[in-house]
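**Q** When you get a sec, could you give me coordinates for this:
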Amino acid sequence: MTTRKKSEKGGKRDRLATDVRRQFGTEATMRFLRTLPAFRTESDIPDRFRELLDRLDGIESSVATGGRHR
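**A** Got it, this is the predicted structure:
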């Protein structure tokens with residue numbers, strides 16, 4: 001295989017990975033995932049875990065909008 005073909009294949013993989021990340025981040029996908037049992041949080045989890053999940057949500061939202069979080 002030539003270097004060009006390897007480069008083209010790598011470029012296709014990069015585009016595919018970017019596309020998959022973008023699609024998983026859409027609100028429609030997130031809404032769908034929340035309906036699945038494996039992606040739901042239990043209502044009776046300890047407050048400490050709920051606080052950590054809330055912090056994680058905030059960080060993810062910040063990153064998605066281009067902000068930075070320390």
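**Q** rest of the way, CA atoms for contacts and neighbours
**A** Noted.
**Q** Read off the pLDDT value for Asp47.
**A** Reading off the confidence values, Asp47 has pLDDT 91.
**Q** Dead centre of this protein: give me the residue that sits there.
**A** The chain has Gly25 as the residue nearest its centroid, 5.2 Å off, counting by C-alpha atoms, centre = their mean.
**Q** Please point out which parts of the helix or strand of the chain with the lowest mean pLDDT sit buried.
**A** Across the helices and strands of the chain, the lowest-confidence element by mean pLDDT, DSSP states H and E is helix 3-24, at a mean of 79. Buried residues in helix 3-24, defined by neighbour count with 16 or more other C-alpha atoms under 10 Å: none.
**Q** Can I get that helix as PDB, trimmed to CA atoms?
**A** Included here for helix 3-24 are C-alpha records, laid out as PDB according to Å, rounded to 0.1, in the frame of the first residue of the first chain:
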ATOM      1  CA  THR A   3       1.800   6.200   1.600                       C
ATOM      2  CA  ARG A   4      -0.900   8.200  -0.200                       C
ATOM      3  CA  LYS A   5      -3.400   5.400   0.200                       C
ATOM      4  CA  LYS A   6      -2.500   5.000   3.900                       C
ATOM      5  CA  SER A   7      -3.000   8.800   4.300                       C
ATOM      6  CA  GLU A   8      -6.400   8.700   2.600                       C
ATOM      7  CA  LYS A   9      -7.500   5.800   4.800                       C
ATOM      8  CA  GLY A  10      -6.400   7.700   7.900                       C
ATOM      9  CA  GLY A  11      -8.300  10.800   6.700                       C
ATOM     10  CA  LYS A  12     -11.400   8.700   6.200                       C
ATOM     11  CA  ARG A  13     -11.100   7.300   9.700                       C
ATOM     12  CA  ASP A  14     -10.600  10.800  11.200                       C
ATOM     13  CA  ARG A  15     -13.600  12.100   9.400                       C
ATOM     14  CA  LEU A  16     -15.700   9.100  10.500                       C
ATOM     15  CA  ALA A  17     -14.500   9.600  14.200                       C
ATOM     16  CA  THR A  18     -15.400  13.300  14.000                       C
ATOM     17  CA  ASP A  19     -18.800  12.500  12.500                       C
ATOM     18  CA  VAL A  20     -19.600   9.800  15.200                       C
ATOM     19  CA  ARG A  21     -18.500  12.200  18.000                       C
ATOM     20  CA  ARG A  22     -20.700  15.000  16.600                       C
ATOM     21  CA  GLN A  23     -23.700  12.700  16.200                       C
ATOM     22  CA  PHE A  24     -23.400  11.300  19.700                       C
END
